[in-house]
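S.K.: Show me the folded form of this:
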Amino acid sequence: MSKGSMRQRRIDSSEGFERVDLLVSGGTILTIDPGDAVIDDGAVAVRAGRIVAVGPRRKVERRCRPRRRIDARGHLVLPGLINAHTHVAMTLLRGVKDDQELMTWLTKYMFPLEARFVSPAFVRWGARLACWEMIASGTTTFADGYFFEEEVARAADESGMRAVPGEGILDVPTPDAKTSAESLARAERFLSEWRGHPRVTAALCPHSAYTVAPETFRRVRELAFRHGAPVMTHLAESAGEVAMVRERYGATPVRHLASLGVVDRSLVAAHLVEVDDEEIAILARSGAGVVHCAESNMKLASGVAPVARMLAAGVRLGIGTDGAASNNDLDMFGEMATVAKVHKVRALDPTALPARQVVRMATMGSAAALHMDSEIGSLEPGKRADLILVNTSGPEALPLFDPFSYLVYSARADSVDSVIVEGKILMEKRELATLDTGAIRRRALAFGRRIAAALPH
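M.R.: Numbering: from 1, shown residues only. Here you go, the predicted structure:
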């Protein structure tokens, strides 16, 4: 070691500095920790992909010497948003057939189009398009259910995002399997191939109680148990679904799955529009995660989930956009605004679901629904360094009295300035660092032309 290096080491040691990879400093930190701490002129220090310090800027700077610094003055710094339910490849079906009832939309349009067009290339480029859209709008983690999910995992990996991709399983032929047995075999390979990845948690996605037979659900649960994998499904999404399942099995969807033993801590169920208090209690006791998809449920006229009752019962409840074919975007800022407003008008109560609670639902709530709240969802030492910077200098932010109200009622997707996942910068000053957006645009437009040519005129 040179004399200069020895002298620098002594200086660092004597001054008590701790080397960190990244320091985000000067912004207003919304920690979303148990105390909902808000730190003006704060800082977040990151090393090896994890948060090592959060606090007042001067205090953190006295402790930490960064290799890289981001000036966050004029920004809110908060945990990355978590889209807890979506179908990313369906970006390529965005707007293809709107203004339809759920079952008509699925059986007459989506399922036939998927049978014709969904392929590994379709999923690969649709997932890349979705990652572009989600990074640009402040989402750092997403949970997905579709086909050829290895392509979703690869897209998430190359983009730098955190993801929970679930291999789709149905008891009818799908784009990647002729039978449920073949789907389960594909799923087992998928779970094995991605085991241990730091940002990709492979999962299973049996579609619903009306497309997956009881025995298949049991086999899914057994496979999930062997691999310690999450199970994601659509559940009680509409009155039509409830009627169909009741006629077939003599029970509502929630009670039906509970009787099969699949409503437990491994389950992440989306929608839950049509549920009663007893079913809410079942979900709360089981520790299952629930994902509220307000915009999709509104657009398909499925109804409004009883979110206030679920929160009061202690259900692990988060927010998702659903797929871009039924939303029609993956913008969690728009979703937060919708969630806050629809529940006020439904309850005729302007105090229902205040902004701070909705931001928590989109961060810690979604993390809890995905059973990842020990790792992500808040800015606390020891957690994964997934965070975003939101600009507060635009006209829609002025004057800024309440940062949570701004995020829910005024901020837009393009208010997001920078995105960091696992300590790696994915977007800085609106410039994406990990994706070839030109190539994604060209391939998305090419798929769009092929799909448009096949639609009836």
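
S.K.: Would you mind giving the domain segments of the protein?
M.R.: 3-79+379-430, 81-369 (automatic domain parsing).

S.K.: Ok, which of those domains comes nearest residue 444?
M.R.: domain 81-369 (5.0 Å; CB to CB). Yep, even glycine has a C-beta here, placed from its N, CA and C like the rest.

S.K.: what's the span of the closest one from first residue to last?
M.R.: 13 Å (CA to CA, to the nearest Å).

S.K.: mean confidence for that domain?
M.R.: Averaging pLDDT along domain 81-369 gives 97.

S.K.: helix/strand/coil for residue 23?
M.R.: strand (DSSP: H, G, I helix; E, B strand; the rest coil).

S.K.: rewinding a little: let me have the domains of the chain in JSON lines, adding mean neighbour count and distance to residue 449 as columns.
M.R.: Listed next are these as JSON lines, based on neighbours: other CB atoms under 10 Å; distance: least, CB to CB, whole Å:
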{"stretch": "domain 3-79+379-430", "mean neighbour count": "18", "distance to residue 449": "26"}
{"stretch": "domain 81-369", "mean neighbour count": "21", "distance to residue 449": "11"}
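
S.K.: Quick one: closest of those domains to residue 436.
M.R.: domain 81-369 (8.4 Å).

S.K.: Quick one: distance of that closest one to the chain centre.
M.R.: 10 Å (CA atoms, centre = their mean, to the nearest Å).

S.K.: same deal with stretch 405-421?
M.R.: 15 Å.

S.K.: how far does it stretch from start to finish?
M.R.: Start-to-end, stretch 405-421 (CA to CA) is 25 Å.

S.K.: now stretch 139-152
M.R.: Note: stretch 139-152 ends 16 Å apart using CA to CA.

S.K.: same thing with stretch 148-167?
M.R.: 7 Å.

S.K.: Would you report the backbone torsion angles of the residue at minimal distance from the centre of the chain?
M.R.: For the chain, the residue nearest the mean C-alpha position is residue 83 (2.0 Å; CA atoms, centre = their mean). The phi and psi values for residue 83, taken as degrees, to the nearest 10, are phi -90, psi 100.

S.K.: do you know how far the closest residue to it other than its chain neighbours is from residue 330?
M.R.: Nearest in space to residue 83, with sequence neighbours left out and distances taken as CB to CB, 6 or more residues apart in numbering, is residue 142 at 4.3 Å. Distance of residue 142 to residue 330, computed by CB to CB, to the nearest Å: 8 Å.

S.K.: Mutual contacts of the two, please.
M.R.: Common neighbours of residue 142 and residue 330, counting by CB atoms under 8 Å, 6 or more residues apart in numbering, are 83, 86, 88, 130, 134.

S.K.: that older thread, in which helix or strand does the residue nearest to residue 83 reside?
M.R.: strand 139-146 (DSSP states H and E).

S.K.: can I assume residue 155 sits in a strand?
M.R.: No. Assigned with three-state DSSP, residue 155 falls outside any strand and is helix.

S.K.: got a list of what it touches?
M.R.: Taking CB under 8 Å, 6+ apart, one finds 88, 124, 127, 128, 130, 131 in contact with residue 155.

S.K.: contacting residues for the second one?
M.R.: Neighbouring residues of residue 124 by CB under 8 Å, 6+ apart: 148, 151, 154, 155.

S.K.: Let me know the secondary structure of it.
M.R.: On the basis of three-state DSSP, residue 124 is classed as helix.

S.K.: Would you mind measuring from the nearest residue to residue 335 once chain neighbours are set aside to residue 422?
M.R.: Among residues not flanking residue 335 along the chain, residue 321 sits closest, at 5.3 Å (CB to CB, 6+ apart). Remark: distance between residue 321 and residue 422 (CB to CB) = 22 Å.

S.K.: swap in residue 415?
M.R.: Applying CB to CB to residue 415 and residue 422 gives a distance of 23 Å.

S.K.: try residue 166
M.R.: Residue 166 is 21 Å from residue 422, by CB to CB.

S.K.: swap in residue 230?
M.R.: For residue 230 relative to residue 422 (CB to CB), the value is 19 Å.

S.K.: now do residue 183
M.R.: 30 Å.

S.K.: ends of stretch 56-72, how far apart?
M.R.: So stretch 56-72: terminal residues 13 Å apart, CA to CA.
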